[in-house]
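*Asks:* my questions are about this predicted structure, shown below with the sequence.
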Amino acid sequence: MAEKETTPVHEVRPTTQELRVPARFIPSPTIEPGHSFATITDHISTIVLRRKTPIGWLIGFLISLMGVGILTLSLTVLVGKGVGIWGINHPVGWGFDIINFVWWIGIGHAGTLISAILLLLRQEWRTSINRFAEAMTLFAVASAGIYPALHTGRPWFDYWLFPYPNTMGLWPQFRSPLMWDVFAVSTYATVSALFWYVGLVPDLATLRDRATNLWVKRIYGMFALGWRGSAKHWYRYEHAYLLLAGLSTPLVLSVHTIVSFDFAVAQLPGWHATFFPPYFVAGAVFAGFAMVLTLAIPARKFFRLEDFITMKHLENMGKVLLATGMIVVYAYAMEWFYGIYSGNPFEIFMLKNRATGPYGSMYIALWICNGLAPQLMWFKRFRTSTFWLFVVAMFVNVGMWLERFVIIPASLHRDFLPSSWGMYHGTVWDWGVYVGSIGLFFALLFLFVRLLPMISIFEMRTLLPEAQAHHTEGTEAQ
Amino acid sequence: MGGIGKPISGLYGVIAEFTNPQDLLEAANKARDEGFTEMDAFSPFPIHGMSEAVGFNKTRLSTIVLVMGILGGLGGFFMCWYANVIAYPLNIGGKPFNSWPAWIPIAFECAILLAAFGAVFGMLALNGLPMPYHPVFNVRRFDQASRDKFFLVIQARDPKFKLDEVRNFLDTLHPREIVDVPW
């Protein structure tokens, strides 16, 4: 029996000194050199399995829990008193609730894009951020779900949204985009959760096998479903994973398309436009990548994951930010073109009112956040600086919220009849629910990074060159 | 699975441990060339060509997903049509009752939903998961199969299974260790 205990150390590429070229010409690797199957496994699983909870995690989690407290309070008052405590009234019936719903759903889209579309495009840099981004999707969709559910006014009747035979003999009105939205968002939440869980199963088995505490072992073991890494299982597993990616791709595009129908199907100037679906989808990806950067940059630092989430990942995300940002800017420009070219006085008034009316400052801020700030991403110096990436991502997070504000209340508040014009401002309860949903999002994320591997361990292993086996007799392991 | 080979009571098979995927793939190929059919390989990540090496390269999963997708799409369309044409016809802006383009988004979402259920639950069902107990878990070092070790098991129900011969054969593949797997 030959003892072949190897700790393969691979050289991904020559070092800068060997090549004698400036460092900026050498692309960063997707995983830093010097790792083996064992080190990847141990590094990522230790973050979860270590006994001591880091103090920084506790502080962050407690702050997020305060947000959850604000959410609980705001929702309790809301259910007790009704949606009148929000700022919505005629003519603005859709306020923070719909702004925040669209904002959160959009953020979720990057997760599915990274996990599904980039998988189909064989972008292997997606591997170390997909788990994290998928979790972000789930929690963003959970935060988004709060708003339409409570905006109905009587959330205890929300089950009326679903078609079921009832004694009232009533059925939902399926010609309405709002009904499509119910199906799109609930399908999206379900499929995202399934995709995420399927991806987790082999890693849960790793945690089951690494855990030393009996109860921890049992709990992970239960969720690992008895996964044992059998070749036959892997075969079907990879098959299922690819099929899920193929199904999620049209799904994610359909979700924000349908969200945009909520607006585009209405006749209101500022909403009634055929380019809304691609405009919304691009904006969603834009917002989502900004949020992935917002989360990944601190997490990578805090959990010392620089070897796995390398500068290459951050730089690529910066590029996606730039590309989708330019699509969004194109859509802003097209709004002007459509409005002016239509010759419709209401459309033209809407555009003027948007830029110079009572909410004009928000429109200008929107251009600065979404139009100007991402232009920094043209330059490698900014794309490879975590500080600047974070700054730009924050601008985009704010900018995408402003975009929805400009689309929703700023279009609604002055429509066709000047006698029915009005103003809209969020009340303290609007802000309470908003801050609260951010708290919920972060609380769930903090729990996720503590309880589950935030990077897909088994997919990281396949990135190592020695993971490639070839069916040629007698060759050395690569 | 009675009737295949001669079961040795209390023995699931013999397992060999390897330290890298290349060795495992070559071992599985050699075992297949040797005529073994009832075997399985275990690895911490999917290895290209591994399932073919252990004699497995077909799955009905795609068919399941397709059928589920079609059922979901038809079901979603039927739901909208039944609700708004038969059970509770509503005149919305003078549109025909069967304004079918409006049923498409929901039919599409239902198709995706059921197809995804088909992919996930179909994969789990075909794989026989969840399965909390399996004989290979009895192997002391098997917990390394989810970290950085690679295993090949030849089952006792293989028609060619003879304990000593299998042990000797596995030994020629230079494994790190060979262990009998009890039930």
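*Replies:* That came through fine. Residues are numbered from 1 along each chain as shown, chains lettered A, B, ... in the order given.

*Asks:* C-alpha only now, for contacts and for neighbours.
*Replies:* Fine.

*Asks:* do the host helix or strand of B:F108 and chain A meet?
*Replies:* Per DSSP states H and E, B:F108 falls inside helix B:104-126. Yes: against chain A, helix B:104-126 shows contacts by C-alpha under 8 Å from any C-alpha of the partner chain at B:P105, B:I106, B:E109, B:C110, B:I112, B:L113, B:A115, B:A116, B:A119, B:V120, B:M123.

*Asks:* right, and the fifth one touches A:T249 too?
*Replies:* Going back to what we said before, that points to B:I112. No: B:I112 lies out of contact with A:T249 (C-alpha atoms under 8 Å); the separation is 10.1 Å.

*Asks:* more crowded one of these two?
*Replies:* B:I112 (28 against 17; other C-alpha atoms under 10 Å in any protein chain shown).

*Asks:* contacts only, for that one.
*Replies:* A:T187, A:L247, A:S248, A:L251, B:G69, B:G72, B:G73 (C-alpha atoms under 8 Å, 6 or more residues apart in numbering or on different chains).

*Asks:* so A:L207 sits in a strand?
*Replies:* No: with DSSP: H, G, I helix; E, B strand; the rest coil as the criterion, A:L207 is assigned helix and is not in a strand.

*Asks:* how about residues contacting the longest strand anywhere in chain B?
*Replies:* Counting residues, the longest strand in chain B under DSSP state E turns out to be strand B:11-18. The contact list for strand B:11-18, computed with C-alpha under 8 Å, 6+ apart, reads B:24, B:135, B:149-157, B:163, B:166-167, B:170, B:174-183.

*Asks:* read off the pLDDT value for the spatially most central residue of chain B.
*Replies:* The C-alpha lying nearest the average C-alpha coordinate of chain B belongs to B:N127 (C-alpha atoms, centre = their mean; 3.7 Å). pLDDT, B:N127: 89.

*Asks:* measure it to chain A for me?
*Replies:* 6 Å (C-alpha to the nearest C-alpha, to the nearest Å).

*Asks:* span of stretch B:49-59 from start to end?
*Replies:* 15 Å (C-alpha to C-alpha, to the nearest Å).

*Asks:* buried sites along it?
*Replies:* Within stretch B:49-59, the residues that qualify as buried are B:G49, B:M50, B:S51, B:E52, B:A53, B:V54, B:G55, counting by 16 or more other C-alpha atoms under 10 Å in any protein chain shown.

*Asks:* so which of the residues you listed comes closest to chain A?
*Replies:* Using C-alpha to the nearest C-alpha, B:S51 comes nearest to chain A of the buried residues of stretch B:49-59, at 5.2 Å.

*Asks:* surely the closest one meets A:R236?
*Replies:* No: applying C-alpha under 8 Å, one finds B:S51 not in contact with A:R236, separated by 9.5 Å.

*Asks:* let me have the contacts of B:I112 in JSON lines, extended by neighbour count, distance to A:G145 and secondary structure.
*Replies:* Compiled in JSON lines, those are given as follows (neighbours: other C-alpha atoms under 10 Å in any protein chain shown; distance: C-alpha to C-alpha, whole Å; DSSP: H, G, I helix; E, B strand; the rest coil):
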{"residue": "A:T187", "neighbour count": "23", "distance to A:G145": "12", "secondary structure": "helix"}
{"residue": "A:L247", "neighbour count": "22", "distance to A:G145": "22", "secondary structure": "helix"}
{"residue": "A:S248", "neighbour count": "24", "distance to A:G145": "19", "secondary structure": "helix"}
{"residue": "A:L251", "neighbour count": "23", "distance to A:G145": "17", "secondary structure": "helix"}
{"residue": "B:G69", "neighbour count": "26", "distance to A:G145": "25", "secondary structure": "helix"}
{"residue": "B:G72", "neighbour count": "22", "distance to A:G145": "23", "secondary structure": "helix"}
{"residue": "B:G73", "neighbour count": "24", "distance to A:G145": "24", "secondary structure": "helix"}
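
*Asks:* for chain B, which segments count as helices?
*Replies:* B:21-34, B:50-53, B:61-81, B:104-126, B:163-171 (DSSP state H).
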